[in-house]
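> When you get a sec, could you give me coordinates for this:
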Amino acid sequence: MTLTPLRLGTRGSHLALWQANHVADRLRAVVSDRPVELVLIETHGDRDQASALSAMGGFGVFTKAIQTALHERRADVAVHSLKDLPTIPEPGLELVAVPPRGPTGDAFVSHKYRRFDDLPDRAVIGTSSLRRRAQLQNRRPGLHLIDLRGNVETRLRKLAEQDLDGIILAEAGLVRLGLANQITEILNPSWMLPAVGQGAIGLECRADDAATKDLVTALLDIDTFRRVQAERAMLLTLGGGCLVPIGATSRVEDGILTLRGAVLSPDGRRRVVATHTGPAETPLAIGQELAAMLLAEGAGDLLSLSGPTV
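Presented below is the predicted three-dimensional model:
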């Protein structure tokens, strides 16, 4: 008897395929003789490579089409870059597992300078992230920042073709694609806080598909899951999404989860930072409480400057 394949919905970029194949390999060890297949899905963010993410609304542009495939039963598991997955739950779907997290840092890539601090004023830096832009401007207000869209390989090509002084990319993507040798410097997370969920892969299933959920749960890394739960709870409580400059770092040590968050104005001139700790088994409370601390320090005023959030 031929077993029904377990279908993983994924974007078609090289990085997305690395992530999906990584998950597929791990699932094959769980499902035994059952085939595991990839279902390639084009998202709105993939179709529109010209517009800034903020111009597209930023809400689920890389995830909504994959979630639709789950609803329509064209896929059984959605494989997401977790930083792209909105914090507002999708009805009928459930974030079931997060495998062990990759590197979380933001990488400075340059063919001209050995360190970020070596950049002169008015140096031209490419990035498509409002979070990165705000933190770069907070650190170095004299830089000239330009919007840079495209997959990892496209951005690296534009670095050379446009003779840019540098670009900022996620460390995890470069490492996973075997491009770690392109990294000039990992920016210090004390001032360049990563995106919520950066470096993590989220596995989403239909809430009523108990059999698939049981299989996918085998890939769960509990410390990673708690960390991203805390980060996402902070983001959800703040009301922030892709259009708001918010960053977070987290760690779990000896059963204690430490979460640090930052909210910035879009121009980077104002910044609110706070840190909170608690038992690792209470990640949602830690995230919500940190959000309250940030709001008490004035983060609400900065969030209002970014316009409507999601």
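> what's the average pLDDT for stretch 229-248?
For stretch 229-248, the mean per-residue pLDDT is 87.
> quick one: that stretch to chain centroid distance?
For stretch 229-248, the separation from the chain centroid amounts to 11 Å (computed by C-alpha atoms, centre = their mean, to the nearest Å).
> Can I get it as CSV, trimmed to CA atoms?
Coordinates of each C-alpha in stretch 229-248 appear next as CSV, following Å, rounded to 0.1, in the frame of the first residue of the first chain:
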residue,chain,number,x,y,z
GLN,A,229,7.0,32.5,22.3
ALA,A,230,8.2,35.2,24.7
GLU,A,231,9.4,37.4,21.8
ARG,A,232,6.2,37.0,19.9
ALA,A,233,4.1,37.7,23.0
MET,A,234,6.0,41.0,23.5
LEU,A,235,5.5,41.9,19.9
LEU,A,236,1.8,41.0,19.9
THR,A,237,1.2,43.0,23.2
LEU,A,238,2.9,46.0,21.7
GLY,A,239,0.8,45.7,18.6
GLY,A,240,3.8,45.7,16.4
GLY,A,241,4.5,44.0,13.1
CYS,A,242,6.8,44.3,10.1
LEU,A,243,6.1,48.1,9.9
VAL,A,244,7.4,48.9,13.4
PRO,A,245,11.1,49.1,14.4
ILE,A,246,11.1,46.5,17.2
GLY,A,247,13.9,44.2,18.1
ALA,A,248,14.4,41.4,20.7
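> Could you list every helix and strand in contact with the one helix or strand Arg251 maps to?
Following DSSP states H and E, one finds Arg251 within strand 246-253. Applying 3 or more C-beta pairs under 8 Å, 6 or more residues apart in numbering; DSSP states H and E, we find strand 246-253 packed against helix 130-139, helix 222-238, strand 256-264. Where you see a C-beta, it was placed from the backbone N, CA and C, and this is true even at glycine.
> What strands line up against it, and which way round?
Paired neighbours of strand 246-253 in the sheet (DSSP bridges): strand 256-264 (antiparallel).
> Remind me what the helix or strand following the strand it pairs with packs against, helices and strands.
Following strand 256-264 in sequence order, the next helix or strand is strand 271-279 (DSSP H and E). Other elements packing on strand 271-279 under the criterion 3+ C-beta pairs under 8 Å, 6+ apart are strand 256-264, helix 283-296.
> so the last one versus strand 256-264, what angle?
What it means is helix 283-296. Computed by axes from the mean of the first three to the mean of the last three C-alpha atoms, to 10 degrees, the angle separating helix 283-296 from strand 256-264 equals 30 degrees.
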